[in-house]
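Colleague: fold the following and give me the result.
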Amino acid sequence: MIGMLTGRVAALSADSIVLDVNGVGYLVGVGTGTLARLEPGQTVTLHIETHVREDAFKLFGFLDDVERAWFVHLQNVQGVGAKAAFAILDTSPVSEIANAAVLGDKATFSRAKGVGPKLAARIATELKDKAPPQGRSFSIGLPVHDTEMPSVSGTAPAKTAPAPADTSGALREDVVSALINLGYHETHARQAVASVLRDTGGEGGLNDVIRLALKELAP
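Modeller: From the prediction side, this is the model:
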């Protein structure tokens, strides 16, 4: 299986790119959010999710590994395939999707193209009591490098596309951990934190979010 690819964007289409890795062109499916941040000739590192079927071998790429993890997590719900998972990720940031999952907020999922009310309700119901995915451990906390590849045939070097920072996910887990250590049930802790992050838009430090979450949990 392929977990990560670093190469130069050789071509783009409506829903995929060709990534040139040392002369080998990989066809990688991507969402519109990722596609909008890429351009031909650009050097990029993609976190890869591989789907193997009897009649197909497909690669899906993401600039952020937590987004890749949510792509997989969403497809654990019956009726959600790659197309619907991409649609959800393209419509809402991962932090908002995480809040919607914990709070059982079907409205967030129903905004995605091709996700009807019934499927949105099923997603909200099935993900409500499940812990959010964290991504592969090797990618957590890796610094983002704005590096340049050596020029080829006299062409100008291409900058690497920066991956989006997932500070909200780390903050969420730190607060949940603190609340669990204080004796609160994980499900209740996650719901309280999700409510706070939704209401504040993710603003505030660790202590601020803990304080507001404790107010949410107060009888």
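Colleague: contacts and neighbour counts: CA atoms only from here.
Modeller: Fine.
Colleague: domain map for this protein?
Modeller: Domains of the chain are assigned by automatic domain parsing as 1-63+136-164, 68-134, 167-213.
Colleague: most tightly packed of those domains?
Modeller: When you average the neighbours per residue for each of these (mean count of other C-alpha atoms under 10 Å), domain 68-134 leads with a mean of 19.
Colleague: so what does the host helix or strand of Ala170 touch, helix or strand wise?
Modeller: Element membership of Ala170, judged by DSSP states H and E, is helix 167-181. Other elements packing on helix 167-181 under the criterion 3 or more C-alpha pairs under 8 Å, 6 or more residues apart in numbering; DSSP states H and E are helix 186-200, helix 206-217.
Colleague: turn these into JSON lines, columns for distance to Phe57 and mean pLDDT.
Modeller: As requested, the helices and strands packed on helix 167-181 are arranged in JSON lines below (distance: least, C-alpha to C-alpha, whole Å; pLDDT from 0 to 100):
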{"stretch": "helix 186-200", "distance to Phe57": "36", "mean pLDDT": "82"}
{"stretch": "helix 206-217", "distance to Phe57": "42", "mean pLDDT": "84"}
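Colleague: would a markdown table of these with distance to Pro40 be doable?
Modeller: Written out in a markdown table, the entries for these read as follows (distance: least, C-alpha to C-alpha, whole Å):
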| stretch | distance to Pro40 |
| --- | --- |
| helix 186-200 | 36 |
| helix 206-217 | 40 |
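Colleague: minimum distance to Tyr26: which of the ones you listed has it?
Modeller: Closest to Tyr26 of these is helix 186-200 (C-alpha to C-alpha; 37.8 Å).
Colleague: for the protein, where's the lowest mean pLDDT among helices and strands?
Modeller: Of all helical and strand segments in the chain, the minimum by mean pLDDT, DSSP states H and E falls on helix 167-181, at a mean of 78.
Colleague: pLDDT value on the most centrally placed residue in the chain, please?
Modeller: Most central residue of the chain, judged by C-alpha distance to the mean C-alpha position with C-alpha atoms, centre = their mean, is Glu67 at 1.4 Å. We note a pLDDT of 94 for Glu67 in this prediction.
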